[in-house]
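Peer 1: Prediction below, plus the sequence it came from.
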Amino acid sequence: MDSALLAQIWDVLSRYVFNVANLQGMLRLSTPVVLAGLCALITDRAGILNIAGEGMILFGAWFAVAGSFFFHSSLAGVMAAILSGLVVGGLFALFSLKFRAHIIIMGIAINIFGNAATIFLTRAVFKQAGAFADPRIVGLGTINIPILKDIPVLGPLLSGYTAIVYLSWILVALTFVFLYRTPWGFHLRAVGEHPEAAATLGINVQAIRFGAVMASGVFAALAGVYLSLGHLQMFTEQMAAGRGFIGMAVNTFGAGEPLGVLLSSFLFGLVDTIGWRLQGERIMPVYFVSMVPYITTLVALTIYTVRQQRRRKAIVDNGVSR
Amino acid sequence: MPPAVEMLGIRKTFPGVVANKDVSFTVEKGEIHALVGENGAGKTTLMNILYGLHQPDAGTIRLWGKPVEIRHNADAIRLGIGMVHQSFKLVPSFTVAENITLGAEPRHALGLFVDRQAVLKNVTALSKRFGLQVDPTARIRDLPVGVQQRVEILKTLYRSADILILDEPTAVLTPQETDDLFAVIRSLVASGKTVIFITHKLREVMEISDRVTVMRDGQVVGTKNTKDTNPAELARMMVGREVLLRVNKPEAHPKEPVLRIENLRVRDDRNLLAVRGISLEVCAGEIVGIAGVEGNGQRELVESIVGLRIPETGKILLNGQDVTTRSIRDRREGGISCVPEDRLVRGLALPATLEENLIATFYFKPPMARGPLLSLQATGDFAREAIKTFDIRAVSKDVPAATLSGGNMQKVVLAREMSANPTLLIVAQPTRGLDIGSIEFVHQRIVDARDRGAAVLLVSAELEEVMSLSDRIAVLYEGQVVGTIDAAHATEQGLGLWMAGITDGGSESRKEAAHG
Amino acid sequence: MADMGGLKSLQPKSARRAGLQRQLRSAAQRSIRIILSILASMVVGSLIMLWYKQNPIQVYIWLFQGAFGSQRAIFISLQRATPLIFTALASMLAFRTGVFNVGVEGQFFIGAIAGTYVGYAFRLPAIIHLPLVLLVAFLAGAAWAYIPTIMRQKLGVSEIITTIMTNYIATFLTSYLVNYPMRGTPTTPETPFVQPTAKLAQFVELPGGLGKGSQAHVGIFIAIALVLVLWFVLKYTKIGYEWRMAGISSRFSQFAGINMDRVFILGMLVSGGIAGLGGAVEIIGVWRKYKDLFATGFGFRGNLAALLGRNTVFGSFVAALFYGSMEAGALGLEWSAGLPRQLIDIAVGLIVFFMAAEGMWDFVASKKGWSLSGLLRRSSGKPQVQGG
C-alpha cells in the first residue's frame, strides 16, 4: 500500500475516531441509547414486544425536571423519574398483560400519550410552551474521579462525566449479573425463550413479565433523566427523538446481550459525534447530521438481518419470507 | 404392596368431545406399563390428568393406595410424578444443568445468586446415580434429540419423581437412541422407579413393557401382561370397531396416473426428516388412502403436494408436469384442491363471511372477476349455490364462518375445494370432530369426486374411514410407506400392525425405517 | 385444546343459534365498550379540568361550541379533520392488511414537499397542474413507504422500527430541503408560494364566502372522494378482497393461493401514497407553501383515528372527523379556559387505551358481579342460551 494513502487514512482516523474529544462525545451521546437499549433488552429477553420506550423516556425526562425543580435537588429528579417509570411500566404491564390489550397498540398509545401528556404538563405546570428551562432546575453534577482523572489518556476519557453516564455502565454490568447469575434472571430468560418450560416448573410467568416491563420503565426513565438533567437542564418537547426505537435497534444489534447493547450504543454515539464534528467543520449541514442516528439504525438492522439470514435457512411462513 | 397409581372412573370432556369415559387404570410399583392406542384414544389426556395439567370431571386418583388431589402440575411434581412430553420443554440457550435445575436452583449469598458450582455438582451426581450420561455444560440447542430427552428425564429425577410418564418418547428418536432409552428405562426401574410409557408402536410395547393397557375411543379396552399377548391381539384391540361404517360405492375404474411422487424427502418444522423417501401414484378415478397414526409424516407429505412446504429432494408430478417448486396458486390452477387437516387455520378464515371463504380460490377469474373488479353478483350467486348444493346450515352467506358448527364448517371447505372440479383432490382428516350425518355427507362427496374422474388422495388416522373409502391403501410409518394393498384385501389387524411399525419383515422394520 | 382424533362430536341445532346469539352479543358488547371507553376518558378529562380549576361541564360545553357551535366552528372542524382523514385512511389500509405502518407521519411530509415542489416549480394549466401535484405527492409518499417495505420483504426486518426511522429521516430531510435548496425567502424557512394553478380553493375564497374565519378548503372533497374510492376498492375489487383476507388470516390466504408478498407490498405503497397525498392537500389547501415544521402529529393522530374507527373505512372517516372537531373545539378552549390543546390528544389516547383493553371491562364487570350477557338478557327479555 502507498504510504501517502496510509498517512491519509491515519489522519482521518485520528481526527475522527482516535480522538479524545470525539471519544468523550461518544461516551456521552451513547448514554441515553445504552439505557434505552437496556429498556428494550429486559423486555425482549422476557419475550415481550415493547415499543413503548419512547413514551416512557419522555415521562422520565419530564418528571426528572419536575422533581428537580420542585425539590431543588437532582436526586429528587432522579427519584421522580424512576417513580414515573415504575408507574408507566406498571400501567403498560397491567393493560397488555392482564387486560389483554394488543401489545403493539398499547405501545403506540403510550408513545402518543407520553408526548401529548408531557407537552400538556409543561404548559399546565410550568406555563411554558415548547421547552422549559429554568435556572432553578438542578442538573446532575459532573464527577471527577480523584486519581483516575490525572492519568494521561484514560483520565479525561473516563473521568468528568455526569453520574448518569457512570450509572448506565453500572446498570449494564448489573443487568449481566442479574440475567446470568441470579435465579430470577434465569427464570426471566426461560420465560422469554420457552414460557411453557418455565410454567411447568412452577415459575410464575405473569409475575416475571410484569417485573420485566416495570424494569424497562425504569431504564427508559433514566434515559430521560440523562436527556433532561444530564447535559443541559431543560425539558424540550419530543426530546426523546426516537431513542426509544434506536434502543430497540441497539438491542437487536447487540443480540440481546448487555455487553452487546453497550458496544452497539458506543458505535451509535461515535457515529453521532463524528456527525456533529462534521457539521462543526461545515462539511455537513446540520440536518443531515440529525439524520445520522436514524440512518445508522436502518443500516445496522440491515446488516444484522442479512447476516442472520445467511445463517438460517429460509422458512416460508404465512407467505412472507422472514 | 399397594399399586403405585390407581385412576378410577376418570371422566373428562372437552367441548364437543368426551376424551375419557369412565377410565380405570392401575400401575404397579416398579413395572413398565405401556399405554397404547391410536390418536384420539384418550391416552395423552389421561396422563395429562395424572400430571395435573387437566382436571377430571369425575373420578379419583390414588397414589400408593392413598387418595390424592392433583389440581396443578406442581401438585403432581410434589407427589413424585414426572412427565416427559412429546415436545420437550427445554430452554434452548440454557445448559443441561441449568435446564434441570430451573425453578429449583441451588443458591448462595443470601439466596441472591445461583450457586453455579452446586448446579454442576448436583447434576453430575444425579446423572451418575442413575447412569444417564450427559454433559452438564452442553447447551440444549446443540444437543441431539436423544440427549435432550435424557435431560427431560433427569429433570423429573431431580425433583424426586418416582413415577415417570413418557409420552411417545420414541417418536423423535433414531433406532440407536431408542435402544439407549430402553436401557435407561430398565435401569431406572431397577432402582425402584415406575414407568408409564405411552406409545402406538406395538413392537416397542412387546420389547420393553411388563403390562399393557389398550385404550380406544376414550375407554379402556383391556389390560394384559405383555408376555401373555402378541402384537396381533393388541392391534385388534386398538383398532377394532363395534360399528363399521361402510360406504356404498361403485367399483373404481382407475385411469391414467394424475399424481406421481418420486422419492420425496421433506423436513418438518424442527428440521427433522418427516418424509423419508416416499414414492406414490394416484390415478384418475381412484381413491388412495394413506393410513397411519398421526405424526408419521402425513402432514408434511400433504403440505409438500399442496405447496406449503418445499421438499428437500424428490419430485412431485401432476399430470406429467413437475410441480415440486411451483406456487400454490399454480398448483391449484393445475387442478389440485385440498381439504386441509388444519380446518380452522388453513381451511377457513373464521372471522370472514361464508361468501369470503367460499370464493377464495375463484375470485380472480371470470365470472367472479371482470378485470380488476369483483362481481358481487357472481360471488353472491356462487356462494348461495354452494350453500344449497352442500347443504350448509347457516343463516346466510354473510355470517362469519366462526358461527357454524364443525360439520358445516367442513362443508364450506368441501364446497370451495370441490367446486373447482379438481383433477387431484387431497382430503386430510376430513371427518375429524364431525357428527355422523356430516361424516356420511363428506364420504359421499369424496366418492362423487372420484366418480367424476378425479384422483383422490385421502389421508386419515381413522382406519375405518380409510378402509371403507379407499380403493387402494398405503400405510405410513416413520415417514415411509411400509405397505400398500388393495382395499378389498385389507384387514384391520394387518393394517393395524403396519401402522404400529410391524411389517412382515419382522425385526428388521425398525432398522429399515432408519435409512434416510 | 387437545387434538381429539376421530372422536365423534354431537352438535345440536341450538349450537348454531348460540353462534348467532354470540355474534349479536359481541356486537352489542363492542358498542357498550366503545361508549364506556369514551365515558371513562371523559371522566379522566374532567379530573384534569377540575385540577385546572375549571368546571368540567362548562368546559365540555365550550368544547362542543368550539367544534360545532357556529358556522365558523364547523368549518374549522372540517379544516382540522381533512389531513386526519388522509392519514387515518392510510393507517387503516395498512392495519387492515396486517401491517403497522407508523411511518404515515414521514410519508405525509415527503408527499407534502414533493407536491409543493411541483406546485411552485412548474407553470402549467390548472387542469394539468393540480392533478400532477396530487399524483406526484402520492408517488412520493408511496416511494417513501417503499423503504421499510422492502426491508421487511427482503430482509425480514420489523416494519415498526423501520417506519419510525423513516419518519425522523423525513422530518430532517424536508427541513433541509426547505432551508436550503427549496428556500423561497431569505428570512424564513419556507418554499416559494405554489402557482395559483396548483392551489385548492378555500371556502372563503369562493363565491358565497362560506367559512369565514377558517381556512377550510375543497380538499375535504378530495378526502371524501378518497373515502368512497377506498370503500369501493375494498369491497368491489380483487386487490381489495386480497387485502381484507390477508389481514383477517394470512395463513388462510396463503393456503388459498393468494400471493402474500404482492398483496403486502401494494398495501404499504398505497398506504404511503395516501399519506403523501394528504400532505400535499394540506399544503396547497391551507398554506400554499411548505413551511418548515408546518405541523407534526398528523400521522400519529391518523393512527389513533384508524384504531378508534376499528380499522373500517367509514369508521376511520368518522373518527377523523371526530378528532378534527375535537381539535377545533380545543383551540377555542385555549382561549377560554387556558387548557392546552394536547388535552384532546390525551383524551383520544385514553379512549384507545380503554377500548384496546378488552380484559379490563370483563375484570370490572366481574368485580361488580355483572356480566354483559346478563345486561343484555335483562334488556332484551329473551331466555338465556345454555353454555354461553
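Peer 2: Ah, there it is.
Peer 1: any low-confidence regions in the stretch 151-300 of chain C?
Peer 2: For the stretch 151-300 of chain C, applying pLDDT under 70 flags no range at all.
Peer 1: which bits of it sit near chain B?
Peer 2: Proximity of the stretch 151-300 of chain C to chain B, by C-beta under 8 Å from any C-beta of the partner chain, involves residues C:235-241, C:244-245, C:248-249, C:251-259. (Each C-beta comes from the backbone N, C-alpha and C, glycine too.)
Peer 1: could you flag which of those residues are buried?
Peer 2: C:237-241, C:244-245, C:248-249, C:251-259 (16 or more other C-beta atoms under 10 Å in any protein chain shown).
Peer 1: ok, and of the residues you listed, which contact chain A?
Peer 2: Okay, of these touching chain A (C-beta under 8 Å from any C-beta), that's C:251, C:253-254, C:258-259.
Peer 1: Including distance to B:Arg139 and secondary structure, could the residues you listed go into TSV?
Peer 2: TSV is the format used below for these (distance: C-beta to C-beta, whole Å; DSSP: H, G, I helix; E, B strand; the rest coil):
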residue	distance to B:Arg139	secondary structure
C:Arg251	32	helix
C:Ser253	38	helix
C:Gln254	34	helix
C:Ile258	40	coil
C:Asn259	39	coil
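Peer 1: Out of those residues, the closest to A:Leu171 would be?
Peer 2: C:Arg251 (41.2 Å; C-beta to C-beta).
Peer 1: For B:Glu303, see how far away that closest one is.
Peer 2: 12 Å (C-beta to C-beta, to the nearest Å).
Peer 1: what does C:Phe252 give?
Peer 2: The span separating C:Phe252 from B:Glu303 equals 15 Å under the rule C-beta to C-beta.
Peer 1: ditto for B:Ser127
Peer 2: To B:Glu303, B:Ser127 is 39 Å away according to C-beta to C-beta.
Peer 1: now B:Glu177
Peer 2: Going from B:Glu177 to B:Glu303 by C-beta to C-beta gives 26 Å.
Peer 1: What parts of the stretch 101-250 of chain A come near chain B?
Peer 2: A:181-183, A:186-187, A:189-190, A:193-194, A:196-198, A:200-203.
Peer 1: Highest neighbour count among the residues you listed?
Peer 2: A:Ala190 (29 neighbours; other C-beta atoms under 10 Å in any protein chain shown).
Peer 1: how about that residue, what does it touch?
Peer 2: A:197-198, A:201, A:203, B:91, B:94, B:102 (C-beta atoms under 8 Å, 6 or more residues apart in numbering or on different chains).
Peer 1: do that again at 6 Å, thanks
Peer 2: By C-beta atoms under 6 Å, 6 or more residues apart in numbering or on different chains, the contact set of A:Ala190 is A:197-198, B:91, B:102.
Peer 1: Listing request: residues of the stretch 101-250 of chain B with sub-threshold pLDDT.
Peer 2: B:240-248.
Peer 1: Show the backbone phi and psi for C:Asp345.
Peer 2: Phi and psi for C:Asp345, reported as degrees, to the nearest 10, are phi -60, psi -40.
Peer 1: what's the distance between it and chain A?
Peer 2: From C:Asp345 across to chain A, the span is 3 Å (C-beta to the nearest C-beta, to the nearest Å).
Peer 1: anything in stretch B:313-333 near chain C?
Peer 2: Yes. Stretch B:313-333 reaches chain C (C-beta under 6 Å from any C-beta of the partner chain) through B:328-329, B:332.
Peer 1: Which positions in that stretch come out as buried?
Peer 2: Quick answer for stretch B:313-333 (16+ other C-beta under 10 Å): B:314, B:316-319, B:323-324, B:326, B:328, B:331-332.
Peer 1: on that earlier part again, among the buried ones among the residues of the stretch 151-300 of chain C next to chain B, which lie within helices?
Peer 2: Judged by DSSP state H, those include C:238-241, C:244-245, C:248, C:251-256 as members of helices.
Peer 1: Out of those, which comes closest to chain A?
Peer 2: C:Gln254 (3.8 Å; C-beta to the nearest C-beta).
Peer 1: Could you pull up the residues touching C:Ile161?
Peer 2: With C-beta under 6 Å, 6+ apart, C:Ile161 has these contacts: A:245, A:248-249.
Peer 1: rewinding a little: for chain C, state which of the residues of stretch B:313-333 next to chain C is nearest.
Peer 2: Distances from chain C to the residues of stretch B:313-333 next to chain C, taken by C-beta to the nearest C-beta, are shortest for B:Arg329, at 3.4 Å.
Peer 1: Figure out the helix or strand that the residue most central in space within chain A lives in.
Peer 2: Centroid-nearest residue in chain A, with C-alpha atoms, centre = their mean: A:Ala36, separated by 1.9 Å. Counting by DSSP states H and E, the element that carries A:Ala36 is helix A:20-45.
Peer 1: got a winner among the contacts of C:Ile161 for most neighbours?
Peer 2: When neighbours are counted by other C-beta under 10 Å, A:Ala249 leads those with 31 neighbours.
Peer 1: That one contacts A:Thr297, correct?
Peer 2: Yes. Between A:Ala249 and A:Thr297 there is a contact at 4.3 Å, judged by C-beta atoms under 6 Å.
Peer 1: can you give me phi and psi for A:Val250?
Peer 2: Backbone dihedrals for A:Val250, given as degrees, to the nearest 10, come out at phi -60, psi -40.
Peer 1: what does the one 5 residues further on give?
Peer 2: Phi and psi for A:Ala255, reported as degrees, to the nearest 10, are phi 50, psi 30.
Peer 1: B:Pro351 too?
Peer 2: According to degrees, to the nearest 10, B:Pro351 has phi -70, psi -10.
Peer 1: How many residues are close by it?
Peer 2: By the measure other C-beta under 10 Å, the count of residues near B:Pro351 is 12.
Peer 1: follow-up on the earlier one: need the nearest residue in space to the residue nearest to the centre of chain A, chain neighbours excluded.
Peer 2: A:Gly247 (2.6 Å; C-beta to C-beta, 6 or more residues apart in numbering or on different chains).
Peer 1: what's the spacing between that neighbour and A:Gly53?
Peer 2: 5 Å.
Peer 1: hey, what's in contact with both of the two?
Peer 2: With C-beta under 6 Å, 6+ apart as the test, A:Gly247 and A:Gly53 both reach A:36, A:39.
Peer 1: Looking at these two, which one has more neighbours?
Peer 2: Neighbour count, other C-beta under 10 Å: between A:Gly247 and A:Gly53, A:Gly247 has more, with 35 against 32.
Peer 1: Give the other helices and strands that the host helix or strand of that one contacts.
Peer 2: A:Gly247 is part of helix A:243-253, with elements assigned from DSSP H and E. Here helix A:243-253 touches helix A:20-45, helix A:53-71, helix A:258-280, helix A:286-311, helix C:159-179, going by 3 or more C-beta pairs under 6 Å, 6 or more residues apart in numbering or on different chains; DSSP states H and E.
Peer 1: Lowest average confidence across those, which one?
Peer 2: Least confident of these, judged by mean pLDDT, is helix A:286-311 with a mean of 81.
Peer 1: elements contacting it?
Peer 2: helix A:243-253, helix A:258-280, helix C:159-179.
Peer 1: With respect to burial, which of those scores highest?
Peer 2: Of those, the one with the most neighbours on average (mean count of other C-beta atoms under 10 Å in any protein chain shown) is helix A:243-253, at a mean of 29.
Peer 1: Keeping just the C-alphas, turn it into CSV.
Peer 2: Output in CSV follows, covering the C-alpha atoms of helix A:243-253 (Å, rounded to 0.1, in the frame of the first residue of the first chain):
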residue,chain,number,x,y,z
ARG,A,243,-34.2,7.0,21.1
GLY,A,244,-36.8,4.5,22.3
PHE,A,245,-36.7,2.9,18.9
ILE,A,246,-33.0,3.3,18.5
GLY,A,247,-32.8,1.4,21.8
MET,A,248,-34.7,-1.4,20.2
ALA,A,249,-32.3,-1.5,17.3
VAL,A,250,-29.3,-1.4,19.5
ASN,A,251,-30.8,-4.4,21.4
THR,A,252,-31.2,-6.3,18.2
PHE,A,253,-27.7,-5.4,17.0
